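Chemist: Got a predicted structure plus its sequence, pasted below:
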Amino acid sequence: MAFEVTDDEQPSWTNWVGNQSCNPARIVPCATEDAVVAAVREARREGLGARTAGSGHSFTPIVGTDGILLDTSGLKGVVSIDPDACLATAKAHTTIGEFGDPLWEAGLAFKNQGDIDTQAIAGAVATSTHGSGPDLGSYSAELKACRLVDGRGEVRVLSADADPEIFGAVQCSLGLLGIMTELTVEVAPAYNIHEKIVFMPVEEMLERWDDLLAQYRHFSFFWMPTDRSSELFGFAPAKADQCMVKLYRETAEAPGSRPLPPNERIDRSYRIYPHVFEPNFHELEYFVPADDARAVFEEHRHLMLSSLPDSVFPMEVRFVAADEAWMSPNYQRPSIVISVSGEPGTDYWPYLRKCDAQLYERGARPHWGKLHFMTAERLAERFPKYQAFKDVRAEFDPDGMFLNPHLAEMFE
Ligand SMILES: Cc1cc2nc3c(=O)[nH]c(=O)nc-3n(C[C@H](O)[C@H](O)[C@H](O)COP(=O)(O)OP(=O)(O)OC[C@H]3O[C@@H](n4cnc5c(N)ncnc54)[C@H](O)[C@@H]3O)c2cc1C
């Protein structure tokens, strides 16, 4: 992600992968909550929009504004940890990775993590970022309280306990209710993970699917449509139609306590989860009811092999538990998560459109940070609390200053 001011004094912002950018009227550094309040009030006075970015890891135009872009990257650091209650409070721009050591020292860890740990906690919560595990929810599910500057420039202190009637809107807000300055999330007692990375033909993976899902804390896989797919994500070489399967178990064994084969590791949970990706893909990710999981995967693999020659990146398959965040793709519904990617520099839209058509038929909801084809009509059909969320949004932000064109199409 980059903030820039060019020679002609035109500020600009670009996301991590480079497919989204904007030219805000101003970029305002906001390293304190008071600064956020002042910037939001300034934008309101001038009739400008206001947005903020986390680490810029969303592929969608969910951040951009031509108004004031608040640079909240200075709002950083774990503020407090309550080991008895398993709660951690941090400033909004603290990255997932930056929680690792302080939580561990307090005997705690995130219950789950996704494929990278560079997202800001506020960005991860605002888009229901998730890892894999049928019993494990997204970051939105773990949000218990937050401080947020609303569209009037007022600080609201919100919590699941004190505000149960609207907290579901706050838990996955896409930045539409205001700028979060501090978040409290529920965490778990610290745990080590025993990781096994296994390559297997798709037939074997399908045969073992139920067992692997039942036996491991985390079972997820990348299916390779071509011989070169594996290397595109920096994995060990694999042939077409093979799967790179990730199998994680909690273990009482300490790291380094015994020699392990090269495809296995034991380490602290937060050291196992993150992978490092090149910014060489533009991803779409849809959540489909978990009941049909295997059929959904098989159908999608068939589609990619039979009629989508643009399928070069691996298809990632994960599982997420249901949650209560109104705009979360997992709202009151456990999911199988299917991710596919287009190749930057090519016209991948027809390919993604075909993936969308098939998955939408199966009941898909989108990942807000990944490419999607949602419209207001589709959201009304797919999210039972869509109208309720829009009502809360209008109350928190009466002037619509947190709506940008992408979000206005769906949420105005
Ligand atoms: C390589 C890569 C790997 C990924 N892996 C996963 C994965 O494993 N699982 C998964 O679910 N997703 C994954 N994602 C998607 C990513 O987690 C989400 O897009 C997430 O939102 C990015 O967080 P961010 O901090 O970069 O937020 P941004 O993309 O910068 O912003 C996302 C949203 O959060 C809002 N926001 C940010 N800060 C605040 C704040 N202080 N107050 C209010 N709103 C705020 C922004 O306005 C925006 O609406 C991945 C993305 C990439 C590029």
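Modeler: Now that the structure is in, tell me what you want to look at. Numbers count the residues shown, from 1 in each chain.

Chemist: For the stretch 301-412 of the chain, just list every one of the helices.
Modeler: Per DSSP state H, counting those that start in this stretch, the stretch 301-412 of the chain has helices spanning 349-361, 376-382, 386-396, 405-411. These are given in chain order.

Chemist: Can you add distance to the ligand, mean neighbour count and mean pLDDT and give those helices back as a markdown table?
Modeler: C-beta here means a position set from N, CA and C on the backbone, and glycine is covered the same way. Converted to a markdown table, the helices of the stretch 301-412 of the chain look like this (distance: least, C-beta to the nearest ligand atom, whole Å; neighbours: other C-beta atoms under 10 Å; pLDDT from 0 to 100):
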| stretch | distance to the ligand | mean neighbour count | mean pLDDT |
| --- | --- | --- | --- |
| helix 349-361 | 16 | 17 | 97 |
| helix 376-382 | 15 | 14 | 98 |
| helix 386-396 | 11 | 18 | 98 |
| helix 405-411 | 8 | 17 | 98 |
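
Chemist: Get me the contact residues on the stretch 1-150 of the chain for the ligand.
Modeler: Applying the criterion C-beta under 6 Å from any ligand atom, the portion of the stretch 1-150 of the chain that neighbours the ligand consists of 16-17, 51-58, 62-63, 72, 92, 114-116, 119-120, 122-124, 126-127, 129-130.

Chemist: which bits of the stretch 251-400 of the chain sit near the ligand?
Modeler: By the rule C-beta under 6 Å from any ligand atom, the part of the stretch 251-400 of the chain lying against the ligand is F277, H367, G369.

Chemist: run the last query once more with 8 Å
Modeler: On the criterion C-beta under 8 Å from any ligand atom, the ligand has as its neighbours in the stretch 251-400 of the chain the residues F277, P279, E283, E285, R318, V337, H367, W368, G369, K370.

Chemist: okay, these in a markdown table with neighbour count next?
Modeler: Shown next, in a markdown table, are those (neighbours: other C-beta atoms under 10 Å):
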| residue | neighbour count |
| --- | --- |
| F277 | 17 |
| P279 | 12 |
| E283 | 20 |
| E285 | 23 |
| R318 | 25 |
| V337 | 24 |
| H367 | 24 |
| W368 | 24 |
| G369 | 24 |
| K370 | 20 |
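
Chemist: Mark which of the residues you listed are part of strands, please.
Modeler: When strands are assigned by DSSP state E, the members of these inside them are E283, E285, R318, V337.

Chemist: is it true that the second one touches V337?
Modeler: Yes: using C-beta atoms under 8 Å, E285 is in contact with V337, at 6.2 Å.

Chemist: Mutual contacts of those two, please.
Modeler: Overlap between the neighbourhoods of E285 and V337 consists of H367, taking contacts as C-beta atoms under 8 Å, 6 or more residues apart in numbering.
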